[in-house]
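make a model of this:
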Amino acid sequence: MTERQPATMTARMREYLQRHPKVGIGLVAGSAVVLVAVAAAIIGQLRPNAAGIDGSPSPSVPGSPTASQTQGASPSAPASQATWDGYQLTDVGTPLFGSIWARVTVDELNVRAAPGTDAAVVAVVRRGDLVQVTGDGDFVEERSWQPIVGNGFAGWVAEGDDDGAYLQAVGTPWLFKPQRELALVAGRDSLLAYGWASDLVVPPYEGNGRNPLTYLSTNGTTWNEVTGPVMPVAAAAGGDGGFVVATVPNYLGPYTVQLSTDGETWAEYAVIDLQPTSAAWGPAGPIVVGLVYDDDGFTGGVAAVRVDPGGAVQSLPLPGAGLGLTELEAAESGYVLFSRGSLDLVVSADGTAWTTERVPGAVEGAGMVRDVELVGNQLIVVTTSTETGRTTLHHARLAADGLTWATTTAAPFGRATVDSVSAGGGSMLALGWDQDELLPRVWRSTDGRSWTDMGVDAGTFGGAIGSEPVWADGRWFAMTDGVYASTDGATWEKVFEAPTPEVQGPGCPPPDVVTALDLLFLGPAAADCYGDTPLTVTVWSPLVDGLGGCCPQQGVPEWLAAWVAPAFVSPGPGGFSGSFGVYPAPDVDGAFVTETWARVTGHFHDPEAQDCRHIPRQDVPHRLESPTSVVADCAARFVVDQIVPIAP
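Purely as a prediction, here's the structure:
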């Protein structure tokens, strides 16, 4: 049997502990459960199977596809071209686990009702057939078994024997497209775009797939990638001394802070005992806040550390800082800790003595803080009504003894919700969204009380509201799907967008042979394959119970832009884990009946997708999403036009 390479996580952990032995000692105890799980997965892959197989007598690497798979399309060709030869395989050593996809590598393989050769055969899969592993494997009769769902059935198959694997994982890059998530901060004489990148090829089974991503610019137009922070940056701040970043691990490891005077050369990082959420640079230097964890997990508390010029960290006492107070604002007069959703503030003029304040005039449960901005020693607190979304501005002065509140005014924003206020260049900008049109809005002010609507274009910032703008080099800079720049707050130009790798599509089975299993596998890529071509597939309607959770996104039209799909279907009776959401049209012919088979006809790219919009909720701090992305999501949804019950 060929010896396999060590798992990536194991190799990374070994390298990490060798470089940081003191940190490693603390990681060992906290990571014991994770390491046991990883070890079990590795052992399961290395364990030899018993002689004899359940299915084909001659397992081998994939050969020619079966007749049913020899027609279709390449990723770049129309689906009518006869070039379909199945989905792309990954390396043979890729382990199998719940939710991963695989192709059969043997001539015939029995699918059984339970693990073990004594269980009834419910189906037979053949070389090249596609299946999905739906849960944890089992070890019966000295061999590994995997629960799978196929086209019209669900059951268990033997994973392999000493001679080779019966299943080989299939690559799924189109399901996990490369992502870039960046925010923006201004330093003394440069801009730092920071965050993380994710370039996944198969579903992540170690870490979260995120890697650090940092860009630096001295003029806001030319951006260069830098390789300073060792892990993805969760929070950053800029000041006269340069930049500070706080990072989170992309797999097992510590939370850290790092300093840089220029954004290019970064000092050795320091480990911190909190999960960072925000950072700000004020009179006491950079301060990082975050959530507190102990051996049992999150404690519900918030803590802060101050970073001195040498990189050492000092814990700061925060009075009554409970869950939620995780955003920090600073200026030369001090610091303000707040949360988008609470009405409490924790303030300090020197970064050492902190006091708790409550926004005056705001009623608990009826209002929430959207943002705060500290300009000199003048504080502006933006609150919105959780019922109407109307904005109110609260003004105060920060001194050594805390806040002195001045006026509370109803802001002249009409039926619009303000998400952020930022200061720079002798003026202030407020970013928000129109509640009726669901489009971005920008206002400008010189005193924080009188505001002028700048009449921005609907496509400003890509049609979304992102992190608040910063002022640098005589311009405003804002970040959503890229960096946008403006000299006046009215006209914005995209000046930078982090490049992303191109994603190879999976290929498209012809419309006349596509199955529900294919649609489940293709995910959003199915809409690119078939456009609005009508498709007819056989599906199973599983029992779905308990979906929902906090704060679902509202949308219009409601039937197509719903946060949770109105119905779910499966290729076979394998439970909810192997199902996908579908959207019955308002005039659909027929209805789904739980735990039955049906023949459905539907399509992607429904015309009403062009009208899809998401509505930010008023009672939680949701921001406006780009209409372009919402339309794309709706266009990728399978709209059901007809449902015909069929016999088992």
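
can you tell me the closest non-neighbouring residue to Thr500?
Once flanking residues are discounted, Thr500 sits nearest to Pro178: 4.5 Å by C-beta to C-beta, 6 or more residues apart in numbering. Backbone N, C-alpha and C define where each C-beta goes, glycine included.

isn't that neighbour right next to Arg210, touching?
No - Pro178 is beyond contact range of Arg210, at 11.3 Å (criterion: C-beta atoms under 8 Å).

these two: which is more packed in?
Shown here are Pro178 and Arg210; by other C-beta atoms under 10 Å, Arg210 has more neighbours (21 against 16).

skipping adjacent residues, who's closest to the more buried one in space?
Nearest residue to Arg210 in three dimensions, chain neighbours excluded: Trp196, at 4.1 Å (C-beta to C-beta, 6+ apart).

give the contact list for that neighbour.
180-181, 210-213, 232-233, 250 (C-beta atoms under 8 Å, 6 or more residues apart in numbering).

Asp262 now?
By C-beta under 8 Å, 6+ apart, the neighbours of Asp262 are 190, 242.

quick check: it is in a strand.
No - secondary structure of Asp262 (DSSP: H, G, I helix; E, B strand; the rest coil): coil, not part of a strand.

ok now stretch 311-322, how far from the chain's centre?
Offset of stretch 311-322 from its chain centre (C-alpha atoms, centre = their mean, to the nearest Å): 29 Å.

specify the beta-bridge partners of the residue nearest to Arg210.
Under the criterion DSSP bridges, Trp196 forms beta bridges with Glu181, Pro212.

name the SS class of the closest residue to Asp240 other than its chain neighbours, please.
Distance criterion C-beta to C-beta, 6+ apart; nearest residue to Asp240, sequence neighbours excluded, is Arg188 at 5.3 Å. Following three-state DSSP, we place Arg188 in the coil state.

pretty sure Arg188 sits against Gly238.
Yes - the criterion here is C-beta under 8 Å, and Arg188 meets it with Gly238 at 7.2 Å.

the two: who's more crowded?
Neighbours were counted for Arg188 and for Gly238 using other C-beta under 10 Å; Gly238 has more, 25 against 15.

tell me the contacts of the more buried one?
Here Gly238 is in contact with 185-188, 192, 281 (criterion: C-beta under 8 Å, 6+ apart).

go again using 7 Å as the cut-off
By C-beta atoms under 7 Å, 6 or more residues apart in numbering, the contact set of Gly238 is 185-187, 192, 281.

so where's this structure shaky on pLDDT?
The model of the chain has pLDDT under 70 over residues 1-83, 201-208, 320-324, 409-410, 545-549, 574-577.

would you list every one of the helices in it?
8-19, 21-30, 32-46, 516-522, 525-530, 558-561, 627-635 (DSSP state H).

could you give me the buried positions within stretch 539-559?
With burial defined by 16 or more other C-beta atoms under 10 Å, the residues of stretch 539-559 counted as buried are 539-542, 544, 555, 559.

what's around Ala485, how many residues?
Ala485, neighbours per other C-beta under 10 Å, totals 21.

find residues that contact each of Pro178 and Arg210.
With C-beta under 7 Å, 6+ apart as the test, Pro178 and Arg210 both reach Ser198.

quick one on the thing from earlier: ok, which pair from the contacts of Gly238 is furthest apart?
Spanning the widest gap among the contacts of Gly238 are Leu192 and Trp281, at 11.9 Å by C-beta to C-beta.

so Asp606 is in contact with Phe638, correct?
No - counting by C-beta atoms under 7 Å, Asp606 stays clear of Phe638, with 9.2 Å between them.

tell me, how many residues neighbour Pro534?
For Pro534, the neighbour count with other C-beta under 10 Å is 11.

which residue is the nearest non-sequential neighbour of it?
According to C-beta to C-beta, 6+ apart, the nearest residue to Pro534 is His603 (5.4 Å).

so who does the one you found touch?
For His603, the contact set (C-beta under 7 Å, 6+ apart) comprises 532-535, 639.

run the last query once more with 6 Å
532, 534, 639 (C-beta atoms under 6 Å, 6 or more residues apart in numbering).

how about Gly282?
330, 335.

kindly provide the distance from it to Lys177.
Separation of Gly282 from Lys177 (C-beta to C-beta, to the nearest Å): 39 Å.

again with Val483
Per C-beta to C-beta, Val483 is found 21 Å from Lys177.

one more: Val537?
Val537 sits 24 Å away from Lys177, going by C-beta to C-beta.

ditto for Ser450
For Ser450 relative to Lys177 (C-beta to C-beta), the value is 44 Å.

Leu431 now?
Taken as C-beta to C-beta, the span from Leu431 to Lys177 is 27 Å.

next up, the contacts around Phe521.
Trp101.

hmm, 8 Å instead?
87, 101, 130, 132, 170, 172, 506.

what two of those residues are the furthest from one another?
Gln132 and Pro506 (13.7 Å).

pretty sure Ala490 contacts Thr452?
No - at 9.4 Å, Ala490 and Thr452 do not qualify as touching, with contact defined as C-beta under 8 Å.

anything in contact with each of the two?
Joint contacts of Ala490 and Thr452 (C-beta under 8 Å, 6+ apart) are Arg444.

please report the distance of Pro552 from Gly367.
As judged by C-beta to C-beta, Pro552 and Gly367 stand 22 Å apart.

related to what we said a few turns ago, what do Asp606 and Phe638 both touch?
Tyr583.

what is the neighbour count of the closest residue to Trp266 other than its chain neighbours?
Nearest non-adjacent residue to Trp266, counting by C-beta to C-beta, 6+ apart: Gly228, 3.5 Å away. Number of residues near Gly228 (other C-beta under 10 Å) recorded here: 22.

do the same with Asp434
When neighbours are defined as other C-beta under 10 Å, Asp434 has 16 of them.

who touches it in this structure?
Neighbour list for Asp434: 415-416, 440-441 [criterion: C-beta under 8 Å, 6+ apart].

widest-spaced pair of those?
Farthest pair in the contacts of Asp434, by C-beta to C-beta: Arg415 and Pro440, 14.4 Å.

is the residue nearest to Trp266 in contact with Glu268, as I believe?
No - the criterion here is C-beta under 8 Å, and Gly228 misses it with Glu268 at 11.1 Å.

joint contacts of the two?
Common contacts of Gly228 and Glu268, defined by C-beta under 8 Å, 6+ apart, comprise Gln258.

ok, Thr355 to Arg390 distance?
From Thr355 to Arg390 the distance is 29 Å (C-beta to C-beta).

out of the two, name the residue with the larger neighbour count.
Arg390 (19 against 15).

what's the closest non-adjacent residue to that one?
Per C-beta to C-beta, 6+ apart, closest to Arg390 is Thr384, 6.6 Å.

quick one: contacts for that neighbour?
367-368, 370, 390-392, 417-418, 618.
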